[in-house]
Each structure stands twice: as structure tokens, then as C-alpha cells.
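Visitor: Got a predicted structure here, sequence first:
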Amino acid sequence: MPSNVVPAVPAEAVTPLIRGIAVLRRLTEADGVSSLSGLERATGLARSTVDRIMATLARMGYVRLDGRDAVLAPRLMELGNAYLAALRLPRLLDAHADALADELDESVSLAVGDRDGIRFIHQATRRRAMNLSFRIGDLLPAERTAPGFLFATEWGEEEWTRWRERRAADPEDRGFPAVPARSRPFVDDSRRDEEEPGSAPAPASPPAQLPTVGDDFEQRTAEVLEAGWALDDQLIEPGLVAIALPVREAGRIACVVSVVSHTSRHTAADLRDTLLPRLRSAVAAMERELREAPPAAPGAASGLAAWTGASKQELGREFIESLARGLTVITAFGEGRAELTLTDVAQATGLARATARRALITLEHLGYVTTHDRVFRLTPRVLGLGFPPLSRTTLAGIAAPHLTELSQRLHDSVSLAVLADDEIQYIGRVATSRVMSVNITVGTRLPAYATSLGRVILADLPEPRLPDLLPLTPHTLTDPEKLRAELDRVREAGYALLDEELEEGLRSIAVPVRGRGGRVVAAVNVAMHSSRRTAEECVRDVLPELHAMAGRIEADLRVAGRFRRVPLS
């Protein structure tokens, strides 16, 4: 079927699931935030339908409602995580890509093919003035990337026909919001201006515009097939260059690894001459990793059917159970669960076979699932459901709505901090507007030993380093042995309570925030004037709230950090 012809919706498709996914896609295209009225206009759905979809997604933890805006929430990443876990490649190859990036001091990406485009599944970027702007899950047209040439070497006539029809229907790449639009429309003149496999023809337009690219994609793909590697000489945007090699498994391209730089550091020819040998070595190690990796053990199934039923009973018509169940089907896949039968999906989710079947039919129609010999697999398109904007989220961003919620409930200041040398640094804070409040802003640094936040973090260290302990108030604990004993108590109790050690009249209580592996990565606290609550009231009333909030932050952090390193701020 031509790529510009929309296939008819199957009779058994789940319409609420189609509509819910359409809303998630529009939110993703809006970089994760949109007004409800904007979603109504973008999707063409009735406002009442959008409201019910939002209520359902909010109940699932996939979005949060902030006034009149809908905001994607980190938990939505469990859909993309299901695909990445089933794929196995990030778990096996990420460390190799990161090591290569460190060695070369250049950005390194892993990509998979998605029909006539590519999607990134891992990014190891360098912090520079000219940063790589693409995110995990972003869809790019094949003909404008070095990985695209390599994937195209395995295309058959059906794939080439789809590509030609897409180019004719969308000559400026408006269907790929992650890339700049083309400066000139597609003209199939099959011209070639230089000899590098997969490189761009010399631009015939002013430097501020993109050169015409893709005009001779088929011819250059044939060259790449012979060379075995591909070069991107500013195909995406001026200044961006990349060199790529395929990583093969069982004779087929499993993914493509590319080294990305800027013309201020390397020309395209320089990438070929200086980095290609090292890239070949890294690819050999990656392919060896894939050959020697043991089969993945099946991970835990989602089993959310009972939960969706309970939510339907509680929320009534505002909860669209068929949408929730359809999205749950995606989470049935994962580590050791790359290929599932209908029976497998039904058992994993707890759904009736007929319900699971209709959800799979719908997901296949939308391109999120493919089937062969009654076995289903997720496609890379699943990454398009919120993953790109959420893949850039930080710990501070994850924590922000939770800090706000607790501050509003307790009417006290709530903060998030990390350890920076001998100090804590605030990376998140929601202050109250009381006459007497603690005057601290994001970025403020304070001595770790004299704060509840710092003591919680120091207590998790095997050998915490204690600087000179200066008295900040008459109550500051300055005896090293007593402080070490206090850190032992904090470690055992799971919280720290400080009274007027940092500033007279200030009382605060803090608990740790743990990352994957259980190590403390940050701490959260509630601070107040000592006249607000006694120490006993803090432990009785505030501490349970703090623990609950830290648990919610940790849950979001586990999802957001499963296949990427979450930056602090």
C-alpha cells in the first residue's frame, strides 16, 4: 500500500486507544507540554473526549495536569522502556558507546531503523557550545543521516517505494519535526558531486540554508553498501558531521553506531581519516558482546488489568478503561519478552484474550506492533510516545511537581539538594510566602555537616569526609566524633532532624532520595521556623509525608533512568 494512503481502521480496533495515542503524540510534538484547548485543536477531538483521555492518563501517571496545561510525566517512559528492554541493545552496548565517546571526546549515538527513518536509542553527548540536539526516540529521515544510508542497504523494493512516495509527498521533511526543514524541494536528478560514501553533495544554496540532500540517496546507498561505512557531511544542518558503521548480529544490521562532531573540530574527511579505525575497533567489540551475551531471562510482567478495573469503578465514565488496557499491552513486552504470542500478552497483563487481541490489532494498525507467524514484537515507533522530550528530564525536573505538592499541603518550604564537595547545593526548592521563611534559592550552597539535607547524604557514604567543623550557631555540632555518631544514627533511622544548627530559629527534617542500586543521590527536606512545629511533631506529622514524597521521586527516577543517566539539573 502506498505510504501516503492511510489504511482503513480495522473493524475490531479500539477507538479510545487510537484517540489516546493521538493525544500522546501531539503532546510529544509539543515538547511535552500543551494546553487542553491546544490538544483539542491539534487532534480534532471534542473537548470532553480530551478531558476524559487526560483523566485516564493522569490516573496512570503518564501525564500531570498543571492548571489548564497537560504535562508529560516520567512514568510514561515505561512504554519506551518496554521497547528498549525487549531490544536488548542499550543494555549490552551503552557502555561501549560511552567509552568510545570518552576516548574520542566526541558525541556517540546508537540508532535503529524505523521504516524509512531512524531513531536514536542511546546518546553519549559532549557538553559544548555546539551540542547535539537530537534526543533518544527522535525520528529522522534516513536520507539525512549517516545511519540511514546503512539501514537502506538492506531495503527491498517495498521500502524504496515507500521512501520515494514519502519524499514526493513531503519534500521539505515537515513530517520530521526533529530536523530543520529542507531549503529546497526534492528533485530526483541523481547527481553526485563528491566521492565520499553517504556524504552530501556540495551546497548550491547560500550558507545559511541547507544543501539539497537525498536527491541521489539510492546511488549513494549503493556506494555505502560497497564501502561498509557512511559519512554525513552536514546532511542534517550546517556544521554537523558524522561517520557511522553498522553493528551486525546474525548477519543483519542490529543498530548503527555513529560519531558526531562539528566542522569547527573535524571535517567530514577528517572523521574518515582519523576516527574510522577506532570506530571499527569499537564495533568489533560491540558485535562480540552481542555474540557472547547469554539469552535474557524473562522480566516481570505488568499485570495491570485488576488496577484498571478498580480505577474504572472509582472514577466512572471519566476513566477510559479500554485506553488504559491498550497501553498496558505495550508494557507486557520487555527483557526476555521481545516476542510474545496473544496468549503471552493476555497472561502478562491479566487481560482477557479477546481484549488483548483487540488492543494488539489496534497497535498493529497504528504501527507500534508488528506480527509474524502469530508472534508480536514492538516497533521503534513506541519511542515516539513521549520519550524524546522526557529523555532530557533531570532529577530537579522530576522532583519539582512533588516538591510543590508537598509544600502546598504542609504550607512549609520543601527543598531538594545534592552533595557538592563538602557542601550541599540546592537544585530544587519550593518556598512558602510566610512572613518568617528561610531565604534560600536554587544554587545556594551550605555546609553539609550543618544541614539535615547534608547529613542524610553524608550518612550514606562509607567514609564521609568532614572538613573543619565551624560553629554557625551555639547549637552547631562541631565535635567530629559526636558528628560521626550522629551520622550513624541518621543512617539507622533513615532521616535527619536539625534544630538551630545552621541558623537560630530554623528547624528542618530530611530524608534520602535513592537512585538505581540503592545509593543516595540526593535528599529532600522540609524547613520551618522552630515555632511552627516541635521536633516531635516533625517526626510524627512531617516525616511520613517526606518518606512518601521521596518514594514517588524514586519511582519516577527509576523509570526515567532505566536506559539513560539522569542529570541532576
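Guide: Good, I have the coordinates. From a predicted model like this one, the values you see are computed outputs, not experimental measurements.
Visitor: Tell me the pLDDT of residue 313.
Guide: Turning to residue 313, the model gives it a pLDDT of 72.
Visitor: separation between it and residue 381?
Guide: 33 Å (CB to CB, to the nearest Å). No exception for glycine: its C-beta is placed from N, CA and C like everyone else's.
Visitor: more crowded one of these two?
Guide: With neighbours defined as other CB atoms under 10 Å, residue 313 and residue 381 compare such that residue 381 has more, 21 against 10.
Visitor: Return the residues in contact with that one.
Guide: For residue 381, the residues meeting the contact criterion (CB atoms under 8 Å, 6 or more residues apart in numbering) are 114, 366-368.
Visitor: Report the two members of these separated by the largest distance.
Guide: 114 and 366 (13.5 Å; CB to CB).
Visitor: Chain neighbours aside, what residue packs nearest to the residue positioned nearest the centre of the chain?
Guide: The centroid of the chain falls nearest to residue 391 when counting by CA atoms, centre = their mean (2.3 Å). Closest residue in space to residue 391, ignoring its immediate chain neighbours: residue 136 at 4.1 Å, by CB to CB, 6 or more residues apart in numbering.
Visitor: does the one you found sit in a helix, a strand or a coil?
Guide: Here residue 136 is recorded as coil under DSSP: H, G, I helix; E, B strand; the rest coil.
Visitor: For burial, what's the neighbour tally of residue 489?
Guide: Based on other CB under 10 Å, the number of other residues close to residue 489 is 13.
Visitor: which helices and strands does whichever strand or helix holds it pack with?
Guide: According to DSSP states H and E, residue 489 maps onto helix 480-493. For helix 480-493, the elements it packs on are helix 452-458, judged by 3 or more CB pairs under 8 Å, 6 or more residues apart in numbering; DSSP states H and E.
Visitor: model confidence over the helix it packs on, on average?
Guide: 97.
Visitor: what residues does that helix touch?
Guide: 415, 417-419, 423-424, 446-449, 464, 486-487, 490, 495-498, 508-512, 520, 522-525, 527.
Visitor: I figured the residue nearest to the centre of the chain hits residue 564, correct?
Guide: Yes: using CB atoms under 8 Å, residue 391 is in contact with residue 564, at 6.1 Å.
Visitor: what is in contact with these two at once?
Guide: With CB under 8 Å, 6+ apart, residue 391 and residue 564 have common neighbours residue 136.
Visitor: how long is stretch 463-483 end to end?
Guide: 13 Å (CA to CA, to the nearest Å).
Visitor: Return the helix or strand in the protein with minimum mean pLDDT.
Guide: helix 305-315 (a mean of 72; mean pLDDT, DSSP states H and E).
Visitor: about what we covered before: ok, and for the helix holding residue 489, which residues are buried?
Guide: 483, 486-487, 490-491 (16 or more other CB atoms under 10 Å).
Visitor: can you list the residues you listed in TSV and add pLDDT and distance to residue 359?
Guide: Shown next, in TSV, are the buried residues of helix 480-493 (pLDDT from 0 to 100; distance: CB to CB, whole Å):
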residue	pLDDT	distance to residue 359
483	96	57
486	96	54
487	96	51
490	97	48
491	96	46
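Visitor: quick one: contacts for the most far-flung residue of the chain relative to its centre?
Guide: Within the chain, the residue lying farthest from the chain centre (CA atoms, centre = their mean) is residue 474, at 46.8 Å. Residues near residue 474 by CB under 8 Å, 6+ apart: residue 504.
Visitor: I'd like the distance between it and residue 503.
Guide: Applying CB to CB to residue 474 and residue 503 gives a distance of 11 Å.
Visitor: and if you look at residue 385?
Guide: From residue 385 to residue 503 the distance is 47 Å (CB to CB).
Visitor: So which of these two has more stuff around it?
Guide: Comparing residue 385 with residue 503 by other CB under 10 Å, the one with more neighbours is residue 385, at 24 against 17.
Visitor: Got phi/psi on that one?
Guide: Per-residue torsions, residue 385: phi -90, psi 70 (degrees, to the nearest 10).
Visitor: can you pull the contacts of the residue nearest to residue 479 when sequence neighbours are not counted?
Guide: Using CB to CB, 6+ apart and skipping residues adjacent in sequence, the residue nearest residue 479 is residue 469, 7.4 Å away. By CB under 8 Å, 6+ apart, residue 469 lies in contact with 449, 476-480, 483.
Visitor: quick one: residue 287 and residue 249 touch, right?
Guide: Yes: the criterion here is CB under 8 Å, and residue 287 meets it with residue 249 at 7.1 Å.
Visitor: helix/strand/coil for residue 426?
Guide: What three-state DSSP gives for residue 426 is strand.
Visitor: Would you check that it makes contact with residue 441?
Guide: Yes: with contact defined as CB under 8 Å, residue 426 and residue 441 form a contacting pair (7.1 Å).
Visitor: So what's the residue count around residue 517?
Guide: 6.
Visitor: next one: the one 4 residues further on
Guide: Here the neighbour count serves as a burial measure; for residue 521 (other CB under 10 Å) it reads 21.
Visitor: Then residue 294?
Guide: 5.
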